[in-house]
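Asker: For reference, the sequence and a predicted model appear below.
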Amino acid sequence: MNDETYMRQALDLAASAEGQTAPNPLVGAVVVKDGAVVGVGAHLAHGEAHAEVHALNMAGDKAAGATIYVTLEPCSHHGKTPPCADKVIEAGISRCVVAVQDPFSQVAGNGIQKLRDAGIEVTVGCLEGEARERNRAFFHYVRTGLPYITVKSAASLDGKTSTHTGESQWITSEAARTDGHRLRHTHQAIAAGIDTVIHDDPSLTTRLPAGGNSPIRVIVDTMLRTPLEAKMLHDDQAPVWIIAGPEAPQDKAASLQEAGARIFRLNESPASNLRKVMELLGEEKITSVLVEGGATLIGSFVTEQLVNEWVSYIAPMVIGGREATPQSKGKGMPALADVPAMEIQETTMLGPDVKITARKREE
Ligand SMILES: Nc1c(/N=C/[C@H](O)[C@H](O)[C@H](O)COP(=O)(O)O)[nH]c(=O)[nH]c1=O
Ligand SMILES: Nc1c(N[C@@H]2O[C@H](COP(=O)(O)O)[C@@H](O)[C@H]2O)[nH]c(=O)[nH]c1=O
Ligand SMILES: [Zn+2]
């Protein structure tokens, strides 16, 4: 058993709380003493104990002289919980293996320094690539202040998301649609355009057999055309935030607020200033957004080059039709040189469909 073995265990522990910890990162910790695992822990929810605390509590006095493996640098600031670095020192840990430094300004190497100053041997970089990839949303958010943006698109082989008569249910299989709901569970917010809200009256909730978190529903609706009887306003499943433009009628804003929606009014059209909308969500501590559709909204994210990840679910059918809805509308990129390079991360069969995941390389 070597460092990577225990760090892999810590990464798996971190991943077990996926979709629960935002805006905090996923973190796992394993305490090892004389080749035996004596404590394990994961950060389970924002505001609750950090992974190291769980693992050290479980280890008890076996932590003295032990090694702790942690997927993110132990924090050194007083956030909602006392600093983990202090706890690691108090427990008498003699060696700390860290996957990656915490980019959060209040930590960013201070935790590691604190441990070293206390005479603890610290190594950084064990399975760093995997640790960064697991926390890509958190790292992107800390670096840019913008949520990590994933577009989800379900389409035919020829890239249509509905027939030219507007029929779209269903193109992909139950298996693909369920996988799409896992994407909802792992994102803090889900964005949809007003056309999708009017056409589909979607609930945008996470409906998985085992349950799951329903993301905050963010509707880009410049003129506040969201119907007062929209399903999502009456299911009490998750907040509804509607982003309006300057000309949106005040009386409609008032009645939507009455119906429980939170209205954000921008002084420019949100549909062509999505970066402003994302900055606003970033200020609300939203670290990840799933863009569910439709083609117009997706087209705006593409044109503003805000897409960090693209997940396509492709069904084995060809719909055809010049008027059939494509995966993205809007202005688009004039030249290939402007098209951001991405990398395919995964292709998986889900029933009869194929799922393709691609990511933009983080700068
Ligand atoms: N039409 C298809 C999809 N279409 C998804 C639509 O964009 C819209 O998100 C749904 O109508 C939302 O409904 P609700 O939130 O589940 O109530 N998505 C899919 O994965 N496959 C398809 O075939
Ligand atoms: N979740 C986590 C860490 N999260 C770090 O602490 C910040 C949140 O602090 P707080 O508001 O107190 O929860 C978060 O932004 C990130 O930098 N650190 C750790 O040592 N272990 C953990 O398990
Ligand atoms: Zn901590």
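Answerer: Ah, there it is. Not measured: the values here are computed from a predicted model. Ligands and ions are numbered 1, 2, ... in the order given.

Asker: contacts and neighbour counts: CA atoms only from here.
Answerer: Fine.

Asker: Can you name the residues of the stretch 101-250 of the chain that neighbour ligand 2?
Answerer: 102, 104 (Cα under 6 Å from any ligand atom).

Asker: need the residues of the stretch 101-250 of the chain near ligand 1, please.
Answerer: Close to ligand 1, as judged by Cα under 6 Å from any ligand atom, the stretch 101-250 of the chain has residues 154, 168-172, 177, 180, 200, 202-205.

Asker: contacting residues around residue 316?
Answerer: 156, 157, 352, 353 (Cα atoms under 8 Å, 6 or more residues apart in numbering).

Asker: CSV for the residues you listed, including secondary structure?
Answerer: Listed next are the contacts of residue 316 as CSV, based on DSSP: H, G, I helix; E, B strand; the rest coil:
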residue, secondary structure
156, strand
157, coil
352, coil
353, strand
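
Asker: Quick one: buried ones out of these?
Answerer: Neighbour-count burial (16 or more other Cα atoms under 10 Å) applied to these gives 156, 157, 353.

Asker: which ones are touching the second one?
Answerer: The neighbourhood of residue 157, defined by Cα under 8 Å, 6+ apart, consists of 314, 315, 316, 317, 318.

Asker: Select only the buried ones of these in ChimeraX?
Answerer: Burial among the contacts of residue 157 is assessed by 16+ other Cα under 10 Å; the matching ChimeraX selection reads:
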select :314,315
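
Asker: Pull the number of nearby residues for residue 177.
Answerer: If you count neighbours by other Cα atoms under 10 Å, residue 177 ends up with 18.

Asker: What lies in contact with the helix or strand containing it?
Answerer: Per DSSP states H and E, residue 177 falls inside helix 174-185. The contact list for helix 174-185 (Cα under 8 Å, 6+ apart) reads 19, 152, 190, 205-208, 212-215, 290, 313, 350-351, 353, 355.

Asker: 10 Å instead, please
Answerer: 18-20, 150-154, 170-171, 173, 190, 204-209, 211-216, 289-292, 311-315, 349-355 (Cα atoms under 10 Å, 6 or more residues apart in numbering).

Asker: just how off-centre is that helix within its chain?
Answerer: Taking Cα atoms, centre = their mean, to the nearest Å, the mean C-alpha location of helix 174-185 is offset from the chain mean by 14 Å.

Asker: ok, the next helix-or-strand element following that helix: who's next to it in the sheet?
Answerer: Moving toward the C-terminus from helix 174-185, the next helix or strand (DSSP H and E) is strand 189-193. Neighbouring strands of strand 189-193 in its sheet, by DSSP bridges, are strand 216-220 (parallel), strand 288-293 (parallel).

Asker: For the helix holding residue 177, output the C-alpha coordinates as CSV.
Answerer: Extracted C-alpha coordinates of helix 174-185, given in CSV (Å, rounded to 0.1, in the frame of the first residue of the first chain):
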residue,chain,number,x,y,z
GLU,A,174,-35.3,6.7,-19.9
ALA,A,175,-31.6,5.7,-19.1
ALA,A,176,-30.3,8.9,-20.7
ARG,A,177,-32.9,11.1,-19.1
THR,A,178,-32.2,9.6,-15.7
ASP,A,179,-28.5,10.3,-16.2
GLY,A,180,-29.5,13.9,-17.0
HIS,A,181,-31.1,14.1,-13.6
ARG,A,182,-27.8,13.1,-12.0
LEU,A,183,-26.4,16.2,-13.7
ARG,A,184,-29.1,18.2,-12.0
HIS,A,185,-28.2,16.7,-8.6
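
Asker: by how many degrees do it and strand 216-220 diverge?
Answerer: Interaxial angle of helix 174-185 relative to strand 216-220 (axes from the mean of the first three to the mean of the last three Cα atoms, to 10 degrees): 90 degrees.

Asker: Tell me the buried residues in helix 174-185?
Answerer: Applying 16+ other Cα under 10 Å to helix 174-185 flags 176, 177, 178, 179, 180, 181, 182, 183, 184, 185 as buried.

Asker: do stretch 136-152 as well
Answerer: Buried-residue list, stretch 136-152, by 16+ other Cα under 10 Å: 136-142, 145-152.

Asker: Show me those that map onto helices.
Answerer: Taking DSSP state H as the definition of helices, the buried residues of stretch 136-152 contribute 136, 137, 138, 139, 140, 141, 142.

Asker: thinking again about what came up before, among the residues of the stretch 101-250 of the chain next to ligand 1, who's most crowded?
Answerer: residue 154 (27 neighbours).

Asker: For the nearest residue to that residue once chain neighbours are set aside, give its distance to residue 222.
Answerer: Leaving aside its chain neighbours, residue 154 sits nearest to residue 313 (4.6 Å; criterion: Cα to Cα, 6 or more residues apart in numbering). Distance, residue 313 to residue 222, by Cα to Cα, to the nearest Å: 29 Å.

Asker: No further questions, thank you.
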